[in-house]
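> sequence and predicted structure are below.
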Amino acid sequence: MSNETNQVNRGSEKKTLVLALIAGMCGDAMLSWMTMSEVSFSIFPLIALVLSVQALYQEYLSNPVSEDIPLVGLACFFVGAFGHSAFVKAQYPDAGSNMLAIFVTLGLLLWVAKKLGFLTPASEKAES
């Protein structure tokens, strides 16, 4: 019974992290539209931002949250925001350098991978 509950929570955790990533990308898309003249307005980031935040809230209400997920979710939000910022600045080089955004994104991705256990050797996973 506990394995089924663990699988449900693991799927719920992945859903939370993906929704946080989408919310970060959409938030940066709206911010880019407001601050950069090169970026044109689109209603889709606003719609996706509202829907992802609503889904995150519903997920928070319906499922218990493990202790690491809020901090990892915040990191995923910033990965989405900085990743979208790097993408936009690669499209429009006049907007500035994207090196800081790329370094922050890669650093946060490595930290998230370490927290989720993707960087641990297989021998340590088997012992746990």
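Thanks, I have it.

> in which helix or strand does the residue most central in space within the chain reside?
Nearest to the mean C-alpha position of the chain, by C-alpha atoms, centre = their mean, lies Leu21 at 2.3 Å. For Leu21, the element it lies in under DSSP states H and E is helix 2-35.

> next secondary structure after that helix?
Next along the chain after helix 2-35, taking DSSP H and E as the criterion, comes helix 44-62.

> what does that next one rub up against?
For helix 44-62, the surrounding residues in contact (C-beta atoms under 8 Å, 6 or more residues apart in numbering) are 12, 15-16, 19-20, 22-23, 25-27, 29-30, 33. In short, each C-beta sits where N, CA and C put it, glycine included.

> 10 Å - rerun?
For helix 44-62, the surrounding residues in contact (C-beta atoms under 10 Å, 6 or more residues apart in numbering) are 12-13, 15-16, 18-33, 42, 65, 69-70, 73, 77, 80, 84.
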